[in-house]
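**Q** Dropping the sequence and predicted coords here.
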Amino acid sequence: MSEFQAPQPDVTLLLDMDGVIREATLSTAMGRENIDSWLGRPWSEVVDGASDKIERIMTDTKRSGISAFRQLTHRFPSGLELPMEFTTVLLGGRAGMLAIGKNLQAVAELQTRLISAQQTIERDYWKLREIETRYRLVIEDSNEAVLLAKVSDLKILEANRAATTALAATTRRKDGLAGRDFLQEIAQKDREAVEQMLRRTREQGKAPGILIHLGENAAPWMLRGSLMTSETTPVFLLQMAPIGRTVGQNAPDQEDLERMLDHVPDVVATIDDAGVLRRVNRAFVELVEIGSKDAAIGERLGRWLSRPGADIGVLISNVQRHGMVRLLSTTVQGELGSETEVEISASNYEQDNEKLIVLVMRNVARRLSSNQDGDSLRVALASMNEAVGKTPLRKLVKSTVEVVENHYVRAALELANGNRTSAAEILGLSRQSLYAKLERYNLNDVGQDDREET
């Protein structure tokens, strides 16, 4: 029977009541160190920056006879510094204390290795998390429908967005795909072929793709499978690619279209052939200074177009005649009194057998120069103010009317590309009245294209 071997101290110090080292003994494991220089020196001088700890150790020893274990860093004459754990005992028969120390270098090395291992594990963990995140992003953004199913019962474990969309039409339930039987999502006529393909995948690890049909319209898809291992159970990686089209090829839904149009900085609106607004974006609401898009729907666009000769009637007439209008300059009058120069481009199209007009309206107030033709009327009218007080009112009114008529007759001829019949229609005049005004303002040489009259 072997006797119990108590652990031997590595350093034993005999101290007086003031903490001065009187004797020092080292274990055989540390016998190479010469500690004679310690004798006669305070214990705190051979400890690295722990004088406060030494003082507390001695105070505890004097009070209770033994101190608690405390960790210190001892400096040896050779320059070696070791972490040590000391406890101090008050001697009975002799005045003084006995300090007993144990080398903690092995423990410190183990702690260092433990911390290093923990940091390595944490780095590996985050690397795995990053790989998993990239994997999920790649799978989620894939154009193919991808899902994982258990080999044992074909229960779906995970599915990306494309797979959820592809299989959504096969069931009326609104819950997710997880936990559902993959075979039940396949058309009845294709299930036997799918079972054979999966059996071959389980035996060989992969199998050639087969044709399956999904949804009420039996859309064709190419299904491929491969075998994967996981922590708990083997799983099938199933990939489905649409044939003849791409996933997400369908037109965006109404909400997506509305959000997209609301981010367009220019006005986008749709009107019918009577000028009634059917759809507007947020830029239109801001331009006309109205409360909301709903408040604008059903109103006539002409409510806000204020320039004669470039109003809603002219816009619709030219779209119906030519199919489109480009850069029609006009003015929008806001509900709060603002007046904005805009350019309108419009085109007709059909939706649900109804003829509509889509238009884009751009604010051009900041880029209009002072010498444009649109400012000629303002300049001419401004010159009339100089005649106030010098000319009778009746004559001023007559001259003003002539300036305005001259301007808009020219504008109508330019808008109609010189066609006098179209210009008369734009102005709401008969051809005879238009000819009379052309004669009055010496505009007979403007617009000679009367092909529609012949």
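**A** That came through fine.
**Q** what about the strands in the stretch 1-150 of the chain?
**A** 11-15, 21-26, 70-75, 81-90, 97-103, 145-150 (DSSP state E, counting those that start in this stretch).
**Q** mind checking which of those strands is nearest Thr229?
**A** Across those, Thr229 has its closest neighbour in strand 145-150 (11.7 Å, C-beta to C-beta). To be clear about C-beta, it is placed using only N, CA and C from the backbone, and glycine gets the same treatment.
**Q** Phi, psi for Ala283 please.
**A** According to degrees, to the nearest 10, the main-chain angles of Ala283 amount to phi -60, psi -30.
**Q** need the contact list for the residue nearest to it when sequence neighbours are not counted.
**A** Distance criterion C-beta to C-beta, 6 or more residues apart in numbering; nearest residue to Ala283, sequence neighbours excluded, is Val267 at 4.7 Å. Val267 sits next to Val280, Asn281, Ala283, Phe284, Leu287, Val342, Leu359, Val360, Met361, Arg362 when contact means C-beta atoms under 8 Å, 6 or more residues apart in numbering.
**Q** Swap in 6 Å and give it another go.
**A** Going by C-beta atoms under 6 Å, 6 or more residues apart in numbering, Val267 touches Ala283, Phe284, Leu287, Met361.
**Q** Export the strands of the stretch 1-150 of the chain as CSV, with columns for distance to Leu315.
**A** Compiled in CSV, the strands of the stretch 1-150 of the chain are given as follows (distance: least, C-beta to C-beta, whole Å):
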stretch, distance to Leu315
strand 11-15, 101
strand 21-26, 105
strand 70-75, 89
strand 81-90, 89
strand 97-103, 96
strand 145-150, 47
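**Q** Save those as CSV, and put in mean neighbour count and distance to Val314 too.
**A** Formatted as CSV, these follow (neighbours: other C-beta atoms under 10 Å; distance: least, C-beta to C-beta, whole Å):
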stretch, mean neighbour count, distance to Val314
strand 11-15, 21, 106
strand 21-26, 16, 109
strand 70-75, 18, 94
strand 81-90, 18, 94
strand 97-103, 20, 101
strand 145-150, 21, 52
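**Q** follow-up on the earlier one: give me the subset of the contacts of Val267 lying in strands.
**A** Met361 (DSSP state E).
**Q** Include neighbour count when you put the contacts of Val267 into TSV, please.
**A** Shown next, in TSV, are these (neighbours: other C-beta atoms under 10 Å):
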residue	neighbour count
Ala283	21
Phe284	23
Leu287	21
Met361	26
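**Q** circling back: turn the strands of the stretch 1-150 of the chain into JSON lines, including distance to Arg300 and mean pLDDT.
**A** Below are those laid out as JSON lines (distance: least, C-beta to C-beta, whole Å; pLDDT from 0 to 100):
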{"stretch": "strand 11-15", "distance to Arg300": "101", "mean pLDDT": "87"}
{"stretch": "strand 21-26", "distance to Arg300": "105", "mean pLDDT": "85"}
{"stretch": "strand 70-75", "distance to Arg300": "88", "mean pLDDT": "83"}
{"stretch": "strand 81-90", "distance to Arg300": "89", "mean pLDDT": "86"}
{"stretch": "strand 97-103", "distance to Arg300": "96", "mean pLDDT": "86"}
{"stretch": "strand 145-150", "distance to Arg300": "48", "mean pLDDT": "84"}
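**Q** For Val403, see how far away the closest residue to Ser430 other than its chain neighbours is.
**A** Leaving out its chain neighbours, the residue that sits closest to Ser430 by C-beta to C-beta, 6+ apart is Ala424, at 6.5 Å. Going from Ala424 to Val403 by C-beta to C-beta, to the nearest Å gives 20 Å.
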